[in-house]
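Chemist: heads up, no residue letters with this:
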């Protein structure tokens, strides 16, 4: 009896601390996730109080939706370019701001600030910059490249989205790289310098291999955020012009809520989840292999 009472007290004390978090996790994440999977097998339109099961027909519609796969291909292009530029810019900033320069803490804070601005606000700010500030500057300075709004040109609008994405996330990833650079043993770098290794050799042979754990984290985070981009896409370009910048998340939202085809939209969201999960798991797997080799 004493042992049972002690075990019950331990369980009760653990539930006291973990219970609220577990309840929130179940109600906000787990239950909606599985309920969403259930809705992929229905013909619910997102409004009516009744729906019926339709089997796997919604998944068949996903593979027939050419616009979905076109937007997914555009998203892959956007993610590939953005992830490379975000991590390159973040590492360059982190390396420059870890050399003991004067005021480097202030610069770190300044580069991190854009990550604190919400995507919706950020999109409106940069929409004003691309459509007004740069156009005014280009017109006054007689620079044709800036004389018209980038957001009105399909190619420039795509690159506008990438520029704002890199500007938003580079500072956040920079903080992770700064932490990684601070963990690189200084005595090893000093010994290599004494042995005649120049800066590029130390970077290629020592710093970058030791920074692989940081790259695993930053690439994973940038992949996840770029694949799920929606608020910035909505406020900056609205998917235009002519749907040339409509990312897959925006297409899924329009399919579910604007086209009133929630079952198909939810099926597309679940297929997107599987694709993104597969890509990120592959990224982590191969990055871990590099970490072992390093």
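Modeler: Yep, it's here. All values derive from a computational prediction rather than experimental measurement. Numbers count the residues shown, from 1 in each chain.
Chemist: C-alpha only now, for contacts and for neighbours.
Modeler: Noted.
Chemist: from residue 139, how far off is the residue nearest the centre of the chain?
Modeler: A centroid search over the chain (CA atoms, centre = their mean) returns residue 225, at 1.1 Å, as the residue closest to the centre. The gap separating residue 225 from residue 139 is 35 Å, by CA to CA, to the nearest Å.
Chemist: residue 153: neighbouring residues, count only.
Modeler: 16 (other CA atoms under 10 Å).
Chemist: quick one: it and residue 241 touch, right?
Modeler: Yes - here residue 153 lies in contact with residue 241, judged by CA atoms under 8 Å, at a distance of 6.8 Å.
Chemist: three-state assignment of residue 244?
Modeler: coil (DSSP: H, G, I helix; E, B strand; the rest coil).
Chemist: tell me how many other residues surround it.
Modeler: Counted with other CA under 10 Å, the neighbours of residue 244 add up to 18.
Chemist: what about the nearest residue to it once chain neighbours are set aside, how many neighbours?
Modeler: Nearest non-adjacent residue to residue 244, counting by CA to CA, 6 or more residues apart in numbering: residue 154, 5.6 Å away. Using other CA under 10 Å, residue 154 has 18 neighbouring residues.
Chemist: list the residues that contact residue 154.
Modeler: Counting by CA atoms under 8 Å, 6 or more residues apart in numbering, residue 154 touches 240-242, 244-245.
Chemist: now it: how far from residue 238?
Modeler: Counting by CA to CA - residue 154 and residue 238 are separated by 12 Å.
Chemist: which residues touch residue 281?
Modeler: Residue 281 touches nothing, counting by CA under 8 Å, 6+ apart.
Chemist: make residue 1 into 53 and carry on from there
Modeler: Fine by me, first position is 53 from now on; the one you just mentioned is residue 333.
Chemist: quickly find the element holding it.
Modeler: For residue 333, the enclosing helix or strand under DSSP states H and E is helix 314-345.
Chemist: from the chain's centroid, how far away is that helix?
Modeler: 12 Å (CA atoms, centre = their mean, to the nearest Å).
Chemist: likewise for stretch 236-253?
Modeler: Worked out by CA atoms, centre = their mean, stretch 236-253 lies 34 Å from the chain centre.
Chemist: then stretch 134-142?
Modeler: Using CA atoms, centre = their mean, the offset of stretch 134-142 from its chain centre is 12 Å.
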